[in-house]
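> Predicted model and sequence follow; I will ask about them next.
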Amino acid sequence: MAYYSSYHPNVTRVSIVEDDHLIREAFATLIGAMDDFDVVSTYSNAEDAIQQMETLRPDVVRHSQGSYATLLAPPT
């Protein structure tokens, strides 16, 4: 898991869950380069991500399931 930035108001906080290291880092770089997004964490598996979600409370989780990718917004 890597933390890319800290909390900033008016910025969407994103966690990335992706088992492929290169794809995970590419998404982190691309999303992190956008002004309105902050990559707060990356994970190689869902189990690790779930353990940290309560603490980090990202606005959006980008995760992959086989050939599908999903953006999840945690409940408010």
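Sure, I can see it.
> Please count neighbours and contacts with C-alpha atoms only from this point.
Will do.
> tell me the contacts of the residue nearest in space to the middle of the chain?
Within the chain, one residue has its C-alpha closest to the average C-alpha position: by C-alpha atoms, centre = their mean, that is Ser15, at 1.4 Å. By C-alpha atoms under 8 Å, 6 or more residues apart in numbering, Ser15 lies in contact with 39-43, 58, 60-62.
> Need these in a markdown table (columns: distance to Ile50).
As requested, the contacts of Ser15 are arranged in a markdown table below (distance: C-alpha to C-alpha, whole Å):
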| residue | distance to Ile50 |
| --- | --- |
| Val39 | 16 |
| Val40 | 14 |
| Ser41 | 12 |
| Thr42 | 12 |
| Tyr43 | 10 |
| Pro58 | 11 |
| Val60 | 13 |
| Val61 | 10 |
| Arg62 | 13 |
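> Columns secondary structure and distance to Leu30 on top of those residues, output as CSV?
Rendered in CSV, the data for these read as follows (DSSP: H, G, I helix; E, B strand; the rest coil; distance: C-alpha to C-alpha, whole Å):
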residue, secondary structure, distance to Leu30
Val39, strand, 10
Val40, strand, 13
Ser41, strand, 14
Thr42, strand, 13
Tyr43, strand, 16
Pro58, coil, 17
Val60, strand, 15
Val61, strand, 15
Arg62, strand, 13
